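> missing the sequence, but the structure's below:
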């Protein structure tokens, strides 16, 4: 690693964020502005919940980026971290960065009342799950061993816990 790991990790995270913006903002924009875009049944003001979900997903992404740079001494790129992240949102759920993306996709689907965005969300749910189960988790088990196993046993993959581990009383 360079003499300035914080700067290097920040740059890698920025590049990851640009790619994420393409997937989270540009492609959905193209979907909802396409001539073939299908508007699902009008849901009225309920669609404004989309703004809240998009905001929550964005904040989740930013928190996760901070965790990768500061706590894991790396970036969101698989294999680029020095330490296992067990702080922040990672205390409640193992994959908050993917859940944050899904919140944004759901928010976009609601806000724009888009059937295609619901399909896009479903596609990403499947992609994230397959990637986590068949690539990310085996890699992390190999890299972090028993520490990762204990983490998996105390923190759920997709459904956040109300209380983080260790606070169960």
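In hand now; what should we look at? Because the structure is predicted, anything quoted here is derived from the model rather than measured.
> going forward, measure contacts and count neighbours with C-alpha atoms only.
Fine.
> so residue 162 sits against residue 92, correct?
Yes: using C-alpha atoms under 8 Å, residue 162 makes contact with residue 92 at a distance of 7.1 Å.
> compare those two and say which is more crowded by neighbours.
residue 92 (22 against 10; other C-alpha atoms under 10 Å).
> ok, that one to residue 14 distance?
Using C-alpha to C-alpha, to the nearest Å, residue 92 is found at 25 Å from residue 14.
> can you pull the pLDDT of residue 34?
pLDDT recorded at residue 34 is 89.
> okay, now it: neighbour count?
10.
> likewise for the one 10 residues further on?
By the other C-alpha under 10 Å criterion, the neighbourhood of residue 44 contains 9 residues.
> what of residue 59?
For residue 59, using other C-alpha under 10 Å, the count is 13.
> ok, it to residue 103 distance?
11 Å.
> got it, and residue 113?
For residue 113, the distance to residue 103 - C-alpha to C-alpha - is 15 Å.
> what strand or helix carries residue 106?
According to DSSP states H and E, residue 106 maps onto helix 96-111.
> hmm, who's touching that helix?
Defining contact as C-alpha atoms under 8 Å, 6 or more residues apart in numbering, one finds that helix 96-111 is touched by 24, 28, 46-58, 60-61, 64, 89-90, 114-118, 120-121, 124-125, 128, 158.
> specify the angle between the worst-scoring helix or strand of the chain on mean pLDDT and helix 96-111 in degrees.
Least confident helix or strand, the chain: helix 5-21 with a mean of 81, by mean pLDDT, DSSP states H and E. Computed by axes from the mean of the first three to the mean of the last three C-alpha atoms, to 10 degrees, the angle separating helix 5-21 from helix 96-111 equals 30 degrees.
> what residues sit buried inside helix 5-21?
8, 9, 10, 12, 13, 16, 17 (16 or more other C-alpha atoms under 10 Å).
> for that helix, name the packing helices and strands.
Judged by 3 or more C-alpha pairs under 8 Å, 6 or more residues apart in numbering; DSSP states H and E, helix 5-21 is in contact with no other helix or strand.
> show me what the host helix or strand of residue 27 is packed against.
Following DSSP H and E, one finds residue 27 within helix 27-33. Packing partners of helix 27-33 (3+ C-alpha pairs under 8 Å, 6+ apart): helix 115-131.
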